[in-house]
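Engineer: requesting a structural model of the entry that follows:
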Amino acid sequence: MTVVDRSNQSLLIYDKAGKLIVTGEKGKGTAAITGLAAGAKVAEGDYQASFSDGTNESDKVPVSAFDVLPAEG
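Structural biologist: Residues are numbered from 1 along each chain as shown. Okay, here's the model as predicted:
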């Protein structure tokens, strides 16, 4: 398996309509989707993810299904 250097890239999250909704911090490889209700079940493909260095962007891939956890605090 090839390891890809993501230190100069940001994780991008798109909604089902293809609209960019979140840009993660450069080099972190994470992004937070906010505004979802605790306990909500998000289906595979409701969101898509890709990486970008600001010029080039990887292919979008479906985000796996997940359950929204309660906020910490």
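Engineer: who's in contact with residue 20?
Structural biologist: Shown in contact with residue 20 (Cβ atoms under 8 Å, 6 or more residues apart in numbering): 12, 13, 14. Placement of C-beta: from N, CA and C, glycine included.
Engineer: quick one: which of those residues is nearest to residue 31?
Structural biologist: Proximity of the contacts of residue 20 to residue 31 (Cβ to Cβ) peaks at residue 13, which lies at 5.0 Å.
Engineer: what's the pLDDT at the residue most central in space within the chain?
Structural biologist: Centroid-nearest residue in the chain: residue 13, 3.8 Å away (criterion: Cα atoms, centre = their mean). Predicted confidence (pLDDT) at residue 13: the value is 99.
Engineer: tell me how many other residues crowd the nearest residue in space to it that is not next to it in sequence.
Structural biologist: Counting by Cβ to Cβ, 6 or more residues apart in numbering, residue 13 lies nearest to residue 22, which is 4.0 Å off, once chain neighbours are set aside. Around residue 22 there are 17 other residues, counting by other Cβ atoms under 10 Å.
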